[in-house]
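1. Need the 3D shape of this:
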Amino acid sequence: MRWLRLAVAALSTALLAASPALADGGAHVIDGSGVETPGTCHLESWVTLSSGDGRLINSAPACTRKAWPNLELGGFVTHGWSPESHDTLVGLSPKIELRSATRGLGLGIATSAAYQVDRGHFHEVSLIVPVTIPVDRQVTLNLNSGWQWSRAGHRADLFVGGQMMVALKPSLSLMAETFTRDRGKAGGQTGVRWTTGKGRIDIDLLVGRYVDGTTPIAITFGVTLRR
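-> Next up, the predicted model:
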């Protein structure tokens, strides 16, 4: 998370609300129930290129304090543009871990609120409940359900989705996810994550279809830095 990471009409808004932060971190749309390691901060950044000449740049810092080990405080800045428009969003994306996945089933609450700088108004809000199921030492399932409101169209949408993470080895994992909303086509992404620097750096490469419900193809490159 990421929301975190949603306006179907614009790729930037869609990715922002749907990746709850805005979700299991980085540019994944589906989020895990866990928060960042207590006492650690991270910076998630990614670039998305989509069919139709759409572009998106996202930067999302977040920290979890040792004093509040179940609360991750985060924010984001996203700029998206296409031949028709430019949009810049800033916002907050706090997340609470209600139950650790180490107990067999993880449960959390991930929220986000975005302000559209270019037009001077709040643009979207989301509330997502992520559930994490550790199937075994290599396979993890993440399930999401929740609600998202966007000023684009002045409507609220239900959001549901699922994700499978497969750890091929400690430094390399594969991910596949699918999700849908009340409007637009069901979407999905698949990709690879390489973890290096003793767990302090994640590098993601993702290919998606209808990530925003309308755009056929999206390719994302992301980097997460922890300290």
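2. all contacts plus neighbour counts: C-alpha atoms, from now on.
-> OK.
3. for this protein, what are the low-confidence residue spans?
-> 1-24 (pLDDT under 70).
4. so residue 206 bridges to which residues?
-> residue 191, residue 220 (DSSP bridges).
5. who touches it in this structure?
-> Residues in contact with residue 206, defined by CA atoms under 8 Å, 6 or more residues apart in numbering, are 189, 190, 191, 192, 219, 220, 221.
6. Quick check: residue 175 touching residue 204?
-> No - with contact defined as CA atoms under 8 Å, residue 175 does not count as touching residue 204 (9.9 Å).
7. what about residue 102, is that helix, strand or coil?
-> helix (DSSP: H, G, I helix; E, B strand; the rest coil).
8. Can we start the residue count at 44 from this point?
-> Happy to do that; since the first residue is 44 now, the last one works out to residue 145.
9. If you tally nearby residues, what's the number for it?
-> 11 (other CA atoms under 10 Å).
10. Endpoint to endpoint, stretch 109-129 covers what distance?
-> 39 Å (CA to CA, to the nearest Å).
11. Name the residues of that stretch that are buried.
-> 113-125 (16 or more other CA atoms under 10 Å).
12. what does stretch 175-184 give?
-> 175, 176, 177, 182, 183, 184.
13. So which residues of this structure form strands?
-> 83-93, 97-107, 114-124, 129-135, 138-142, 149-159, 164-177, 182-193, 198-212, 215-224, 230-239, 244-252, 261-269 (DSSP state E).
14. Any chance of JSON lines for the ones you listed, columns distance to residue 68?
-> JSON lines is the format used below for the strands of the chain (distance: least, CA to CA, whole Å):
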{"stretch": "strand 83-93", "distance to residue 68": "8"}
{"stretch": "strand 97-107", "distance to residue 68": "10"}
{"stretch": "strand 114-124", "distance to residue 68": "12"}
{"stretch": "strand 129-135", "distance to residue 68": "15"}
{"stretch": "strand 138-142", "distance to residue 68": "12"}
{"stretch": "strand 149-159", "distance to residue 68": "12"}
{"stretch": "strand 164-177", "distance to residue 68": "12"}
{"stretch": "strand 182-193", "distance to residue 68": "12"}
{"stretch": "strand 198-212", "distance to residue 68": "12"}
{"stretch": "strand 215-224", "distance to residue 68": "12"}
{"stretch": "strand 230-239", "distance to residue 68": "11"}
{"stretch": "strand 244-252", "distance to residue 68": "9"}
{"stretch": "strand 261-269", "distance to residue 68": "8"}
